[in-house]
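> next come a sequence and a model predicted from it.
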Amino acid sequence: ALDLPDYTARQVALAALVEKIPSSSIPELLDGLEASGHREVSDALRGLLLSKWAATDPLSALRYADRLPETAQKRLAVGGIVKKWAESDPAAAGDWVRGLPNGELKWEFATAFIDSYAAKSPSDALAYLHGLGGFPCLSSCEQRIFMRWAEADPAAAAAAVSTVPSLPLGDVAGAWVRKDPEAAMAWAMNDPRASRDPTVIGALCGALATTDPGRANSIMESLPAGELRDRAVTCIAGGLLERSCSEAVEWLKNLPTGRGQEQALLFVGEEWIKSDPAEATRFLATLEESTLRSFMLPRFMAAWASADPNGAASWTQGMSGPDRAPTLQSVLERWAEASPTEAAAYVATKLDGDLVPEALSSVLSGWASRDAESAAAWVGAFPEGELRLKATEEIARSWTTVDPSRAEAWLAALASDADRDAALAGCVSALTQRDPARAASMAERISNPQARASQISWAASWWLARDPGAANQWLLQRKEVLGGNRELEDCQGTPGR
């Protein structure tokens, strides 16, 4: 069994072996394991043997475990014994844990066996928890008890939950509505606390939406605008998605505009964009501008761009407002991942005006990272001008990030000073933070005096922050060449400017 490579299979095989061992033989077998010196075998079997022993004589098992060295293995062994003991006699196991001094071990063991206690008697388990003074895990253990209680007897759990004001009622409501929807509805509508609890309304509406969506929708529409209604909308969306995406989408379209509809779209949208990203995106664009809409739009557009990049890009051009440019960039970046030449051709032939520079940068940055030579050849065919220079700088920046040596060889072969200066500026931008000394050296090769001074100043400011001695010495050695430039004089001797 120990030779099995899979941990779960190994534990199952070992447990099967331990089941065949008489409980009366366990103490002797444990002594033999500890004396053998085979730690791996001892660690693998000890917990299983002690757990079986605890089923018939937990106190003897605990006394044996108490003799073990103070290690994590001992803590695991004792926790396993207490948990097993609680399965048959949770009150006695709880009394033993209560007798321990307050501290980490006591809380660890109480947490370990509370589920077994709750399975036997959730009310006694809850009373036990409240009797443990200073228990730091009280809230999480209360929630575990009520989850079990709600599954077994939701009405009793709902009655008892009033004794725990801080506990959300949603878990009780969700379990109850699955077991007895009519009783759960009556409680939720008539109990003062439950009727005001968003987790209750959400759990009821979400569960009903999977079986009776009309009724769930009626409950939602009866609620006043605000948190309760918004929670109901969100949970109905989740329930309808369990039935079908198309049903959830049709319901979503008919909702009144507002926060509730937006929150529901968060749930429905992820599935919707898998089946029809174009329709989902067009619908999203009809909503009022909001932080959530701006957050979701690029994600929807990326899904549309993966399915139909040309259609997504063409639709985006018709947008207006602040979302237009970043959304188009998102589409082009996704398009460039699949077909950079098609994305680049679209930018060159379909776009104009202020959109072109940023759009071209979105395409070239990814293209140059994967196939810089092809991207450079494509840009090399551009006519001279500002767009060609910006594209050349972007290629150099991206290429330098992945392969600085080849990027430098490429820029050295460029024919015009303007192209070479643009490429050097891109290299400096890519290198400044990780290797400012090399960036400053490259900036020195720029032919345009003003551009050269600006790039040296940028690289030198990072270099001064990292190694002021070397940076100042480099600047002093070039004082005559670089002198007279106010930007460089301000930079020199000012680390981290």
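The structure has been received and is ready for your questions.
> where does the stretch 151-300 of the chain have low pLDDT?
Scanning the stretch 151-300 of the chain for pLDDT under 70 picks out 168.
> in it, which spans are helices?
Secondary structure of the stretch 151-300 of the chain, counting by DSSP state H, counting those that start in this stretch: helices at 154-160, 170-179, 181-190, 198-211, 213-222, 227-243, 245-253, 259-275, 277-286, 291-307.
> just put those in JSON lines and tack on distance to Ser365.
Using the backbone N, CA and C atoms, a C-beta is placed for each residue, glycine as well. Formatted as JSON lines, the helices of the stretch 151-300 of the chain follow (distance: least, C-beta to C-beta, whole Å):
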{"stretch": "helix 154-160", "distance to Ser365": "56"}
{"stretch": "helix 170-179", "distance to Ser365": "46"}
{"stretch": "helix 181-190", "distance to Ser365": "53"}
{"stretch": "helix 198-211", "distance to Ser365": "43"}
{"stretch": "helix 213-222", "distance to Ser365": "45"}
{"stretch": "helix 227-243", "distance to Ser365": "36"}
{"stretch": "helix 245-253", "distance to Ser365": "34"}
{"stretch": "helix 259-275", "distance to Ser365": "24"}
{"stretch": "helix 277-286", "distance to Ser365": "24"}
{"stretch": "helix 291-307", "distance to Ser365": "16"}
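> now the ones you listed as CSV including mean neighbour count and distance to Gly366?
Below are these laid out as CSV (neighbours: other C-beta atoms under 10 Å; distance: least, C-beta to C-beta, whole Å):
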stretch, mean neighbour count, distance to Gly366
helix 154-160, 19, 54
helix 170-179, 24, 44
helix 181-190, 16, 52
helix 198-211, 24, 41
helix 213-222, 16, 43
helix 227-243, 22, 33
helix 245-253, 17, 31
helix 259-275, 19, 21
helix 277-286, 18, 20
helix 291-307, 19, 13
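> which SS class is Arg63?
Of the three states, Arg63 takes helix under DSSP: H, G, I helix; E, B strand; the rest coil.
> tell me how far it lies from Ile26.
13 Å (C-beta to C-beta, to the nearest Å).
> higher neighbour count, the two?
Using other C-beta atoms under 10 Å as the criterion, Arg63 and Ile26 rank with Ile26 on top: 22 against 10.
> would you agree that one is in contact with Arg46?
No. Using C-beta atoms under 8 Å as the test, Ile26 is too far from Arg46 to be in contact (10.4 Å).
> state the mean pLDDT of stretch 12-31.
Mean pLDDT, computed over stretch 12-31, is 83.
> start to end distance for it?
One end of stretch 12-31 sits 23 Å from the other (C-alpha to C-alpha, to the nearest Å).
> what's it in contact with?
1-2, 4, 44-46, 48-50, 52-53, 55-57, 60, 64 (C-beta atoms under 8 Å, 6 or more residues apart in numbering).
> recalculate using a threshold of 10 Å.
Outside stretch 12-31, the residues that touch it by C-beta atoms under 10 Å, 6 or more residues apart in numbering are 1-4, 6, 41-42, 44-57, 60-61, 64-65, 67-68.
> report the buried members of those.
Using 16 or more other C-beta atoms under 10 Å as the burial test, these include 42, 44-54, 57, 60-61, 64-65, 68 as buried.
> in helices only, show me these.
42, 44-54, 60-61, 64-65 (DSSP state H).
> now, which of those sits nearest Lys120?
Lys120 lies nearest to Ala54 out of those, by C-beta to C-beta, at 15.8 Å.
> okay, the closest one: pLDDT?
Note on Ala54: pLDDT of 89.
> try the one 5 residues further on
At Leu59, the model reports a pLDDT of 92.
> how near is the nearest residue to it once chain neighbours are set aside to Ala325?
Counting by C-beta to C-beta, 6 or more residues apart in numbering, Leu59 lies nearest to Trp96, which is 8.0 Å off, once chain neighbours are set aside. Per C-beta to C-beta, Trp96 is found 67 Å from Ala325.
> what do Arg63 and Ile26 both touch?
Residues touching both Arg63 and Ile26 (C-beta under 10 Å, 6+ apart) are Asp57.
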